[in-house]
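Asks: Structural data only, the sequence is not supplied:
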């Protein structure tokens, strides 16, 4: 081939190559322009204009931190309200959430309860610890959660002092220290001061108003216009309760939420806050029984007296009015159930026991801080209310005119209805008023006020609740408010030993909690040296958010008796089983040298002798260990032997 032909061939090939490359580039350019135009079109037609698409489309997170269900229930209530307002949220258990993802969240709402000693409930421990560690780690910095806005509602009890809402406060502080900003200030639900549901409802409406005013964008610190709305900062929020109605109120629903960490009532509504001064007292006189507490107790059959007392008719009172059997107090001590009045001068208590049979509808406190009613008024009102309830039994099958007339004249008062009666500052005056009417008195104290036991005047029989025999088990079962609860318990037992009236240890057995501590219980006998030991199986009161107890925790009577026999054996003959009451699942241990004569038990009380001694004003005097208790009925016709059992129809 000639050089000219070769050159022409190369030129043709080169031209073809260039044309091919040019065509490819042209096609690519056209495609890119098309894709650019398409993407621009899609972007313009998209409902979201947020450049940070993945962040903008994340749903808000609604966390609940709760041990037994209250915060979860409140969170579900808020979630339903958010959904009905077309505000996308996820209801999240923090136990299954990865805190490392928090920096991607734009909005977080937290409903947090406070558990024992100010610690978070179990499902919030990891999240709380992660926030604490991150906040304290200088390597993390203060901008980690700068994109996140949040709000916290805390659920707790002010009775726990510095630990009140400690979890909610801590979460708020940690979130802010990591750069998150609050859309609303921390709201604290105090369950002992008013209505938790109303306070939560008001807070929920505030949350809805803020969120319906706009959406979050960018770093979360700027208030910008988005989708036609303007985000309102929580600090500039003005309340207007008329704009939005609580979802539960619209549906006519009533919520009754009580938790182990929120026991005893419900927090104040925002409308009432203006009437509450800085010392927590309304008009200078703090009300123990709030409207919600009053309504709850009335539902349970209580008659509320004044501002802090109550009275209630017992099923055993009704039973004996109808000619049927009486309660264990009749079997053990000769008290006629149809002439017995159950009352208390203080609905408040210093414990939050897991087996509380009133479901913690009563308030809690470590000292008397409420308005105080006159003891004479309390006694007169209690008797009148009791009479009204007795009169309602007129016409009930089996109730005779004789028993009804006897029931209208109560001869005994059990100051053990609910709460801690010994907290009432005028307890001695109240007992005096009862004794003036020749009404005998049993009083039960939860062993947290030893100084009150020391100053208490003689009553017919004084009880101390011994719910556990070790410090750890008592903390778990009674959940006391006092930090030095164990020392107070020991001092209470010591104070009991010096009292001259008849004394009792009351044990409540809860399977799986305190039924294995026979040796530990036995070691407590020498401290208080009680005349009697009542051992009772826990009463199951149905499903409640306030306790994890089930029927599996309720011992059978044979279990209670076996425990009692083991305890009696540990006493080396000092105590023996004197009586038992099957229907109450209760067994009585009594001191052998005081109450067993010639093989027979004499545990009934000479009530006339007691009232004569009280009226004389003379001291009860020192009892000799070798003598029968001076108030014991020694008549052969009034004794209870160990094998007498009570059934539905009476004695057999």
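Replies: Looks like it came in fine. Fair warning: this is a prediction, and the values are worked out from it, not measured in the lab.

Asks: Next SSE downstream of the helix or strand residue 383 falls within?
Replies: Counting by DSSP states H and E, the element that carries residue 383 is helix 375-391. Next helix or strand after helix 375-391 toward the C-terminus (DSSP H and E): helix 401-407.

Asks: packing partners for the helix or strand that that next one is followed by?
Replies: Using DSSP H and E, the helix or strand that directly follows helix 401-407 along the chain is strand 412-415. Counting contacts by 3 or more C-beta pairs under 8 Å, 6 or more residues apart in numbering; DSSP states H and E, strand 412-415 packs against strand 340-344, strand 440-445. Bear in mind the C-beta positions are built from the backbone N, C-alpha and C, glycine included.

Asks: what comes into contact with the helix holding residue 383?
Replies: Applying C-beta atoms under 8 Å, 6 or more residues apart in numbering, the contact partners of helix 375-391 are 303, 305-306, 309, 311-313, 317, 321, 341, 343, 345, 404, 407-408, 410, 413, 424, 426, 429-430, 432-434, 437.

Asks: One more: stretch 160-175?
Replies: Under C-beta under 8 Å, 6+ apart, the answer for stretch 160-175 is 65, 108, 110, 112-115, 117-121, 124, 128, 131-132, 134-135, 145, 148, 150, 152-158, 182, 186, 188-190, 366, 481.

Asks: now those: which count as buried?
Replies: Buried members of those, scored by 16 or more other C-beta atoms under 10 Å, are 65, 108, 110, 112-115, 118-121, 124, 128, 131, 134-135, 145, 148, 150, 152-158, 182, 186, 188-190, 366, 481.

Asks: Next step: the residues you listed restricted to strands.
Replies: 65, 108, 110, 112-113, 150, 152-156, 182, 188-190 (DSSP state E).

Asks: Switch the helices and strands packed on strand 412-415 over to CSV; also include mean neighbour count.
Replies: Output for the helices and strands packed on strand 412-415, formatted as CSV (neighbours: other C-beta atoms under 10 Å):
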stretch, mean neighbour count
strand 340-344, 27
strand 440-445, 23
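
Asks: shaky segments in the stretch 401-550 of the chain?
Replies: 540-549 (pLDDT under 70).

Asks: how about the strands in it?
Replies: 412-415, 440-445, 461-465, 502-509, 532-537 (DSSP state E, counting those that start in this stretch).

Asks: Rebuild those as a markdown table, extending it with distance to residue 196.
Replies: Listed next are the strands of the stretch 401-550 of the chain as a markdown table, based on distance: least, C-beta to C-beta, whole Å:
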| stretch | distance to residue 196 |
| --- | --- |
| strand 412-415 | 29 |
| strand 440-445 | 28 |
| strand 461-465 | 28 |
| strand 502-509 | 28 |
| strand 532-537 | 32 |
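
Asks: And the furthest pair within the ones in strands among the buried ones among the contacts of stretch 160-175?
Replies: Taking C-beta to C-beta as the measure, those span a maximum distance of 23.3 Å, between 108 and 190.

Asks: how about the helices in the stretch 401-550 of the chain?
Replies: 401-407, 427-436, 450-455, 471-478, 485-497, 518-528 (DSSP state H, counting those that start in this stretch).

Asks: buried set for the second one?
Replies: Of the residues in helix 427-436, those buried by neighbour count under the rule 16+ other C-beta under 10 Å are 427, 429, 430, 431, 433, 434, 435.

Asks: same thing with the third one?
Replies: In terms of neighbour count (16+ other C-beta under 10 Å), helix 450-455 has its buried residues at 450, 452, 453.
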